[in-house]
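Peer 1: build me a model:
(chains A, B, C and D)
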Number of protein chains: 2
Amino acid sequence: MDQPSRSAGTVRPGGRTARVRAAVLEATQDALVEHGFHALTMDQIAARAGVGKTTVYRRWGSPAGLVTDLMNEFANQSSPHADTGSVEGDLRANALMVMEALNDPRLGVTLQAVIAAATSDEQAALALRTFYLRRIDEWATVVELAVARGELPQGTHAEELIRAVSAPLYYRLVVTREPVTREVAEASVARALAAARAGAFVTAGDRSP
Amino acid sequence: MDQPSRSAGTVRPGGRTARVRAAVLEATQDALVEHGFHALTMDQIAARAGVGKTTVYRRWGSPAGLVTDLMNEFANQSSPHADTGSVEGDLRANALMVMEALNDPRLGVTLQAVIAAATSDEQAALALRTFYLRRIDEWATVVELAVARGELPQGTHAEELIRAVSAPLYYRLVVTREPVTREVAEASVARALAAARAGAFVTAGDRSP
DNA sequence: CGGCTAATGGAACAAGAGTTTCGATAATAT
DNA sequence: ATATTATCGAAACTCTTGTTCCATTAGCCG
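Peer 2: Coordinates of the predicted model:
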């Protein structure tokens, strides 16, 4: 092999190279939507994108490499946290945003593909972790603001609360594979918030006097 | 194709057929542990199990079929719910059981493989859903008993509470891919319980007078 | 603009996955 | 025991996937 090279496409990234990447990522997403991750072959992507398959192998190396790049692309489109004035409103905004992402035909399928790829590909796993930790960090701000406003107990673990809001949605998506509805999203917010108000997100020995 | 036949192996399931199945499932699990789901090929499984590859194709059809059968095998080893005398003890037992399953080298890897397969294979998805809905149903009993004992509010949604205990563990396993530690399991129980005690698992308009 | 060379892509090749055929073997019924 | 036939498995086959080679194209820098 040419070493699934991280070097190709870095010296002259403009013009053609950029167009090739765009075409390949577009083709990858279409293929994912139509046939799912298991049917993602480098051959078909090359044909579909109208580029040489040599190029696809050289730059992405494997189907996992393709979905990883796709995820990194999403990671750049950051979505800033809400600011509705109350934790409840902010967390609901977060839950609904996640719900919509999971239900979006293209985005939802892509996320599932990356999750699948990450179970046996280290690069995909890293991209996934990085993406979500960044998101969690971004939204943790709404919890910190709520604590400052006195809406939640001092010492509430912000990141953990954000995780708790999303977790039931992802659980349904990938584990029980049940629909992720608005009711599910809102119930998740209500429960996470109830626990937070009861101080269950305050680390033991971390509560202010 | 021979139609990934559900019929082969059902008329004379004794003796050889059973031995072949055992050898193939064993080989599948070993291969999963060593190389992950993406490297699971029918060819290699056949060689490893010492059976003809024709047989593997005929009876399982695809890698997804293999992991699905593996999951169905686990489904038969039911694990009855705990009965420690308190909801807290029972839910903790559940969370620790899940944690251990996810961290078990063979079981954890297998679960992840099925989750990956389920993202693009309908049979795997069905097996996964069936397995977990049955588990949730089994453990929901501990919540119902707790309500009967007066430990939790009347009308607490038992299945939802069980889901809430597991969700953060699976979220870490497949989404953020962070370690699933004992602390994570115990924190999850504490939070779900706090929400339950606050009545957040009582469906609106379903609370007793 | 013109040279340098990164990057692409067609073609030929190699490797491996998936399929079909058919004779051998062994589970079950009587 | 013996007949019946479900199930298995070796081999030959086809098709797809993955790799290598090298000529062509087009970014980028002076």
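
Peer 1: so where's chain A uncertain?
Peer 2: Applying pLDDT under 70 to chain A picks out residues A:1-7, A:9-12, A:204-209.

Peer 1: number of residues surrounding the residue in it that DNA strand C sits nearest to?
Peer 2: Going by C-beta to the nearest atom of the strand, DNA strand C is nearest to residue A:52 of chain A, at 2.2 Å. (C-beta placed from N, C-alpha, C; glycine too.) Neighbours of residue A:52 under the rule other C-beta atoms under 10 Å in any protein chain shown: 12.

Peer 1: how close does the nearest residue to it once chain neighbours are set aside get to chain B?
Peer 2: With sequence-adjacent residues excluded and distances taken as C-beta to C-beta, 6 or more residues apart in numbering or on different chains, residue A:52 is closest to residue A:46, at 6.4 Å. To chain B, residue A:46 is 19 Å away according to C-beta to the nearest C-beta, to the nearest Å.

Peer 1: tally of neighbours for residue A:46?
Peer 2: The burial count for residue A:46: 19, using other C-beta under 10 Å.

Peer 1: with residue A:203 instead?
Peer 2: By the other C-beta under 10 Å criterion, the neighbourhood of residue A:203 contains 12 residues.

Peer 1: nearest residue to it other than its sequence neighbours?
Peer 2: Leaving aside its chain neighbours, residue A:203 sits nearest to residue A:157 (5.9 Å; criterion: C-beta to C-beta, 6+ apart).

Peer 1: wait, doesn't residue A:190 sit right on residue B:200?
Peer 2: Yes - Residue A:190 lies in contact with residue B:200 (C-beta atoms under 8 Å); the separation is 5.3 Å.

Peer 1: among those two, which residue is more densely surrounded?
Peer 2: Set side by side, residue A:190 and residue B:200 show more neighbours around residue B:200, with 26 against 20, by other C-beta under 10 Å.

Peer 1: mind checking the SS state of that one?
Peer 2: Look at residue B:200: counting by DSSP: H, G, I helix; E, B strand; the rest coil, its state is coil.

Peer 1: which residues sit in contact with it?
Peer 2: Each residue near residue B:200 by C-beta atoms under 8 Å, 6 or more residues apart in numbering or on different chains is listed here: A:190, A:191, A:193, A:194, A:195.

Peer 1: between those, which is nearest residue A:83?
Peer 2: Nearest to residue A:83 among the contacts of residue B:200: residue A:193, at 16.9 Å, using C-beta to C-beta.

Peer 1: tally of neighbours for that closest one?
Peer 2: Using other C-beta under 10 Å, residue A:193 has 24 other residues around it.

Peer 1: and the helix or strand it falls within, C-alpha only, in CSV?
Peer 2: In the assignment (DSSP states H and E), residue A:193 maps to helix A:182-197. The C-alpha coordinates for helix A:182-197 follow below in CSV (Å, rounded to 0.1, in the frame of the first residue of the first chain):
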residue,chain,number,x,y,z
ARG,A,182,-39.7,14.6,21.2
GLU,A,183,-41.3,13.0,24.3
VAL,A,184,-38.2,11.0,24.9
ALA,A,185,-36.1,14.1,24.7
GLU,A,186,-38.2,16.1,27.0
ALA,A,187,-38.5,13.3,29.5
SER,A,188,-34.7,13.0,29.5
VAL,A,189,-34.4,16.7,30.3
ALA,A,190,-36.9,16.5,33.1
ARG,A,191,-35.2,13.6,34.7
ALA,A,192,-31.7,14.9,34.5
LEU,A,193,-32.9,18.2,35.9
ALA,A,194,-34.7,16.6,38.8
ALA,A,195,-31.5,14.7,39.7
ALA,A,196,-29.5,17.9,39.4
ARG,A,197,-31.8,19.8,41.6
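
Peer 1: wait, does it make contact with chain B?
Peer 2: Yes - contact of helix A:182-197 with chain B (C-beta under 8 Å from any C-beta of the partner chain) involves A:187, A:190, A:191, A:192, A:193, A:194, A:195, A:197.

Peer 1: over to stretch A:76-94?
Peer 2: No - taking C-beta under 8 Å from any C-beta as the criterion, stretch A:76-94 and chain B are apart, separated by no less than 12.5 Å.

Peer 1: list the buried ones in that stretch?
Peer 2: Across stretch A:76-94, burial judged by 16 or more other C-beta atoms under 10 Å in any protein chain shown covers A:81, A:82, A:87, A:90, A:91, A:92, A:93, A:94.

Peer 1: and stretch A:133-152, by the same measure?
Peer 2: If you call a residue buried by 16+ other C-beta under 10 Å, then stretch A:133-152 has these buried ones: A:135, A:136, A:139, A:140, A:141, A:142, A:143, A:145, A:146, A:147, A:151, A:152.

Peer 1: can you redo the residues you listed as JSON lines with secondary structure and distance to residue B:172?
Peer 2: Shown next, in JSON lines, are those (DSSP: H, G, I helix; E, B strand; the rest coil; distance: C-beta to C-beta, whole Å):
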{"residue": "A:135", "secondary structure": "helix", "distance to residue B:172": "14"}
{"residue": "A:136", "secondary structure": "helix", "distance to residue B:172": "11"}
{"residue": "A:139", "secondary structure": "helix", "distance to residue B:172": "17"}
{"residue": "A:140", "secondary structure": "helix", "distance to residue B:172": "16"}
{"residue": "A:141", "secondary structure": "helix", "distance to residue B:172": "21"}
{"residue": "A:142", "secondary structure": "helix", "distance to residue B:172": "21"}
{"residue": "A:143", "secondary structure": "helix", "distance to residue B:172": "18"}
{"residue": "A:145", "secondary structure": "helix", "distance to residue B:172": "25"}
{"residue": "A:146", "secondary structure": "helix", "distance to residue B:172": "24"}
{"residue": "A:147", "secondary structure": "helix", "distance to residue B:172": "23"}
{"residue": "A:151", "secondary structure": "coil", "distance to residue B:172": "26"}
{"residue": "A:152", "secondary structure": "coil", "distance to residue B:172": "23"}
